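Enquirer: Need coordinates for the below:
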Amino acid sequence: MRVLQRRLADFAAARRWQPYHTPKNLVSALSVEAAELVEIFQWLTPEESVRVMDRPGAAERVEDEVADVLAYLLQFCEVLGIDAAAALAAKIERNEKRFPVPGRRTEADRSAPDSPDRHSPE
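Expert: Okay, here's the model as predicted:
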């Protein structure tokens, strides 16, 4: 991802676009591109949406919009100094704690004083 981020930054720099690549402008462009991705799926049934990549014209449009969304997101991260991969990894970790798998006990549960799984020297 860092290679793509650097490539996008170099592309923008060669065209002297940096003055326009403010966080506000980039997040606005990201929003527009995400909406263009949504537009492809707008009137599809759930079943049609699952098979969208089987339709050559639609598949190409989806890939183009995904690329646009990712490009603007990476440029946004570049401008603000965000490591997108690290931010995602941290968010996944927080969500794993926030939304545990139903029925699966956590390490904190197992070490609780009244836990039958607790291994104590008693």
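Enquirer: the bottom helix or strand of the protein by mean pLDDT?
Expert: Ranking every helix and strand in the chain by mean pLDDT, DSSP states H and E puts helix 107-110 at the bottom, with a mean of 63.
Enquirer: and for the biggest helix by length in the chain, what are the contacting residues?
Expert: Ranked by residue count and defined by DSSP state H, the top helix of the chain is helix 56-80. Contacts to helix 56-80, defined as Cβ atoms under 8 Å, 6 or more residues apart in numbering, come from residues 1, 4-5, 8-9, 12, 21-23, 26-27, 29-30, 33-34, 36-37, 40, 52-53, 82-84, 87. Every C-beta, even on glycine, is put in place using the N, C-alpha and C of the backbone.
Enquirer: distance of residue 49 from residue 83?
Expert: According to Cβ to Cβ, to the nearest Å, residue 49 and residue 83 sit 32 Å apart.
Enquirer: those helices in this structure, which residues are they?
Expert: According to DSSP H, the chain carries its helices in the segments 2-14, 23-41, 46-50, 56-80, 84-98, 107-110.
Enquirer: worst average pLDDT in these?
Expert: The stretch with the lowest mean pLDDT among the helices of the chain is helix 107-110, at a mean of 63.
Enquirer: Quick one, which of the contacts of helix 56-80 are buried?
Expert: Buried by 16 or more other Cβ atoms under 10 Å: 5, 8-9, 12, 21, 26-27, 29-30, 33-34, 40, 84, out of the contacts of helix 56-80.
Enquirer: Pull up the gap between residue 33 and residue 104, please.
Expert: Distance from residue 33 to residue 104, by Cβ to Cβ: 37 Å.
Enquirer: whoops, I mixed them up, residue 46
Expert: Separation of residue 46 from residue 104 (Cβ to Cβ): 29 Å.
Enquirer: Then residue 38?
Expert: Between residue 38 and residue 104 the distance, using Cβ to Cβ, works out to 34 Å.
Enquirer: now swap in residue 96 and tell me
Expert: For residue 96, the distance to residue 104 equals 11 Å [Cβ to Cβ].
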